[in-house]
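> Sharing a model prediction with you, sequence too.
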Amino acid sequence: GFDNWNVLIIVFTEMRDKLRKWREDNHRNSEQIVDVGEELINEHASKLGDDIWIIYEQVMIAALDCSRDDLAWTCLQELKRQFPGSQRVKRLAGMRLEALEKYEDASKQYDSILQDDPTNTAARKRKISILKAQGKSAEAIRELNEYLEQFVGDQEAWHELSELYINEHDYGKAAFCLEELMMTNPHNHLYCEQYAEVKYTQGGLENLELSRKYFAQALKLNNRNMRALFGLYMSASHIAACPKVNATVKKANVRYAAWATNQINRAYQVSHAMCCVLLKQ
Amino acid sequence: MDEPELLLDSNIRLWVVLPIVFITFLVGVIRHYVSILLQSDKKLTLEQVSDSQVLIRSRILRENGKYIPKQSFLMRKFYFNNQEDGFLKNTKRKVVPPSPMTDPSMLTDMMKGNVTNVLPMILIGGWINWTFSGFVTTKVPFPLTLRFKPMLQQGIELLSLDASWVSSASWYFLNVFGLRSMYSLILGQDNGADQSRIMQEQMSGAAMAMPADTNKAFKAEWEALELTDHQWALEGVEEELMSRELDLDGMFSQ
């Protein structure tokens, strides 16, 4: 569509810079990466110099996402040729086996990496992903817990564990994981919002109060987080509607809910104005 | 009154000053690549990696514990500092002090460090002193006292010569330190040709990544965590939030 046409008229350097930006920001826009990367590799390989190897890796992973095994295989062969015996390349080979759902073979691949280097975190995490892909959530959770006991600082792992717990409806433990993330990333509004949602789901007056506070915090960190704004409204009104609360608490929460309603109306007005502007154009 | 300025043969500039700069620079580049070749992989054990992460987590708990609810903070503090089975209190690691005698890898590292850095400097300094001796090479732009004469004017036996005039050996040493920024320009930041940085590191000691100090590090963290209290950052968050309207600028832009 429009994006493909756009890509065709962009110069080589822009393509390469785009790929670099996506790499650095850890974007997972695999289809775009495959489009840009494939053309870059096929047409402009000589101009890339040493950048080409990391681009092969990036494109390969994107190709696996898009089920483009042909492209993934090409990239893998190039990397194998350049870096024989590299653990990083072995991991990529394992990921390809995972994409083809050959989980036994992939697992063996990762085991061989771990034999050479027991501290290799990437291989351990891939093994856990295999368990998740096979639907073995309980095992995945157990392995991930063991992993985190040794690598307590791995934020990606904490986030993954919180998702696994949420899927299993174990909200208490999910909250624990999110707390770890909030401490290591105190300015990330998304973690505050997710934590607030978990607390809201757990229910009960104390959890609702916490949920309201963390929705407010998320909103404070990012004024435009609409989910947090709605969450603030809902938790405040929920508390106000609770029969057990005393008058002061009820009054305070009614005020919070009213303020949230105001802000929601403002947001609708802004979006309405924007629609009018767009329609007029 | 006016001291007659010495006029140096311009051949000195061509055949002494420039070659010494060249030699120093090339030797630096060679040192950089040699150090890359000789680099030994420092393999950390699983336990060391794990312990360093635990210490980081404890520090983060102290610094950012105020962002999580009080109960959660206390639970974690208990986990770390509990009298009976707190992690920081009760975990003892086997401590092997990495002295050069007992630890063979440290010994080879030290040797490699010396060979690549100190030895070439001495050898080349000596060679330059022997080759380019007997004449004055350049003048430093600031006045020096007579104390510096024997050091900087090796091989020139003139009592009346101003100490600012220096021999080729001093020019060589000037270059060794002066070319540091050139190396960063050409070889990138962390290069192995950076003499002074290496000497700085040796002076600050191996205090940086001392795995043997894990027990001490645990004890220090335990103490610091004991002293930490929970001051919840979210105490008045609603009031702070509602003190002004939300900034909705740019929310619905393309």
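Thanks, I have the structure now.
> give me every residue that touches the closest residue to A:Tyr147 other than its chain neighbours.
With CB to CB, 6 or more residues apart in numbering or on different chains as the criterion, A:Tyr147 has its nearest non-adjacent residue at 5.5 Å, and that residue is A:Arg124. (C-beta placed from N, C-alpha, C; glycine too.) Listed by CB atoms under 8 Å, 6 or more residues apart in numbering or on different chains, the contact set of A:Arg124 reads A:110, A:114, A:143, A:147.
> any idea how far the first one is from chain B?
Distance check for A:Tyr110 against chain B: by CB to the nearest CB, to the nearest Å, it reads 16 Å.
> what residue ranges in the chain score low on pLDDT?
Assuming you mean chain A. For chain A, the stretches with pLDDT under 70 are A:1-10.
> hmm, I had chain B in mind actually
In chain B (pLDDT under 70), the answer is B:1-4, B:39-44, B:94-110, B:112-113, B:116, B:188-212, B:253-254.
> Show me the helices in it, by range?
Taking DSSP state H as the test, the helices found in chain B are B:10-12, B:18-38, B:46-64, B:70-81, B:87-90, B:104-131, B:149-152, B:168-178, B:180-187, B:195-204, B:214-227, B:237-242.
> what's in contact with the fourth one?
Residues from elsewhere that reach helix B:70-81 (CB under 8 Å, 6+ apart): A:175-176, A:179, B:58, B:61, B:65-66, B:86-89, B:221-222, B:225-226, B:228, B:230, B:232.
> Sort out which of those residues are buried, if you could.
A:175-176, A:179, B:58, B:61, B:65-66, B:86-89, B:221-222, B:225, B:228 (16 or more other CB atoms under 10 Å in any protein chain shown).
> Which of those residues sits closest to B:Ser133?
Distance to B:Ser133 across the buried ones among the contacts of helix B:70-81 (CB to CB) is lowest for B:Glu221, with 58.1 Å.
> a helix runs through the residue nearest to A:Tyr147, doesn't it?
Yes - according to DSSP: H, G, I helix; E, B strand; the rest coil, the state of A:Arg124 is that of a helix.
> Look up how far A:Val198 lies from it.
In this view, A:Arg124 and A:Val198 are 26 Å apart by CB to CB, to the nearest Å.
> which parts of the stretch 151-281 of chain A sit against chain B?
Proximity of the stretch 151-281 of chain A to chain B is confined to A:151-154, A:175-176, A:179-180, A:182-184, A:186, A:210, A:212-214, A:216-217, A:219-220, A:223-224, A:229, A:256, A:259, A:263, A:266-267, A:270-271, A:274 under the rule CB under 8 Å from any CB of the partner chain.
> Restricted to buried residues, select those residues in ChimeraX.
Here is the ChimeraX command that selects the buried residues among these (16+ other CB under 10 Å):
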select /A:151,152,153,154,175,176,179,180,182,183,184,186,210,212,213,214,216,217,219,220,223,224,229,256,259,263,267
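> Take the residues of the stretch 151-281 of chain A next to chain B and keep only those in helices.
A:175-176, A:179-180, A:182-184, A:210, A:212-214, A:216-217, A:219-220, A:229, A:256, A:259, A:263, A:266-267, A:270-271, A:274.
> Where does the stretch 1-150 of chain A get nearest to chain B, which residue?
A:Gln150 (4.6 Å; CB to the nearest CB).
> residues contacting the closest residue to that residue other than its chain neighbours?
Excluding the flanking residues, the one nearest A:Gln150 by CB to CB, 6+ apart is B:Ser50, at 4.6 Å. Counting by CB under 8 Å, 6+ apart, B:Ser50 touches A:150-152.
> now swap in B:Val21 and tell me
B:175, B:179 are the contacts of B:Val21 under CB under 8 Å, 6+ apart.
> Check the gap between it and B:Met182 for me.
To B:Met182, B:Val21 is 10 Å away according to CB to CB.
> Chain A versus the nearest residue in space to B:Phe173 that is not next to it in sequence, what's the distance?
Leaving aside its sequence neighbours, B:Phe173 sits nearest to B:Gly125 (CB to CB, 6+ apart; 6.9 Å). Look at B:Gly125 and chain A: by CB to the nearest CB, they are 36 Å apart.
> tally of neighbours for A:Val59?
26 (other CB atoms under 10 Å in any protein chain shown).
> Does it touch A:Cys75 like I think?
Yes - the pair A:Val59 and A:Cys75 qualifies as a contact (CB atoms under 8 Å) at a distance of 5.6 Å.
> joint contacts of those two?
Counting by CB under 8 Å, 6+ apart, the contacts common to A:Val59 and A:Cys75 are A:Ile41.
> Could you check how many residues crowd around A:Glu39?
A:Glu39, neighbours per other CB under 10 Å, totals 15.
> what kind of secondary structure is it in?
Assignment for A:Glu39 (three-state DSSP): helix.
> Residue numbers of the stretch 1-150 of chain B in contact with chain A?
Going by CB under 8 Å from any CB, the residues of the stretch 1-150 of chain B near chain A are B:44-46, B:49-50, B:53-54, B:56-57, B:60-61, B:64-65, B:67-69, B:72.
> just the buried members of the residues you listed?
B:50, B:53-54, B:57, B:60-61, B:64-65, B:67-69, B:72.
> any idea which of these is closest to B:Asn129?
So of those, ranked by how close each gets to B:Asn129 (CB to CB), first place is B:Gln53, at 51.2 Å.
> With adjacent residues omitted, what lies nearest to the closest one?
Closest to B:Gln53 by CB to CB, 6+ apart is A:Gly153, at 3.9 Å.
> hang on, A:His189 packs against A:Ala218?
Yes - here A:His189 reaches A:Ala218: they are 4.4 Å apart, a contact under CB under 8 Å.
> follow-up on the earlier one: give me the neighbour count for the residue nearest to B:Phe173.
Neighbour tally, B:Gly125, other CB under 10 Å: 17.
> what's near enough to touch it?
B:169, B:172-173.
> give me that answer again for 10 Å
B:24, B:168-170, B:172-173, B:176 (CB atoms under 10 Å, 6 or more residues apart in numbering or on different chains).
> Return the member of those residues nearest to chain A.
B:Thr24 (28.8 Å).
> didn't the closest one look like it was pressed against B:Ser168?
No - the pair B:Thr24 / B:Ser168 is not scored as a contact, 11.3 Å apart, by CB atoms under 10 Å.
> As PDB, could you dump the C-alpha coordinates of stretch A:179-195?
The C-alpha trace of stretch A:179-195 is given here as PDB (Å, rounded to 0.1, in the frame of the first residue of the first chain):
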ATOM      1  CA  GLU A 179       6.600  -3.400  41.800                       C
ATOM      2  CA  GLU A 180      10.100  -4.500  40.700                       C
ATOM      3  CA  LEU A 181       9.600  -2.800  37.400                       C
ATOM      4  CA  MET A 182       8.300   0.400  39.100                       C
ATOM      5  CA  MET A 183      11.400   0.600  41.300                       C
ATOM      6  CA  THR A 184      13.800   0.200  38.400                       C
ATOM      7  CA  ASN A 185      11.800   2.600  36.100                       C
ATOM      8  CA  PRO A 186      10.200   5.100  38.400                       C
ATOM      9  CA  HIS A 187       9.300   7.400  35.600                       C
ATOM     10  CA  ASN A 188       7.600   4.900  33.300                       C
ATOM     11  CA  HIS A 189       3.900   5.700  33.400                       C
ATOM     12  CA  LEU A 190       2.900   2.400  31.800                       C
ATOM     13  CA  TYR A 191       4.200   0.300  34.700                       C
ATOM     14  CA  CYS A 192       2.200   2.400  37.100                       C
ATOM     15  CA  GLU A 193      -0.900   2.000  35.000                       C
ATOM     16  CA  GLN A 194      -0.500  -1.700  34.700                       C
ATOM     17  CA  TYR A 195       0.100  -2.000  38.500                       C
END
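> Switch the contacts of B:Ser50 over to TSV; also include distance to B:Thr131.
Shown next, in TSV, are the contacts of B:Ser50 (distance: CB to CB, whole Å):
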residue	distance to B:Thr131
A:Gln150	58
A:Phe151	56
A:Val152	59
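> on that earlier part again, mind listing the shared neighbours of B:Val21 and B:Met182?
Common neighbours of B:Val21 and B:Met182 (CB under 10 Å, 6+ apart) are B:Asn175.
> Can you tell me which residues in the stretch 151-254 of chain B are near chain A?
For the stretch 151-254 of chain B, the residues in contact with chain A (CB under 10 Å from any CB of the partner chain) are B:232-242, B:244-254.
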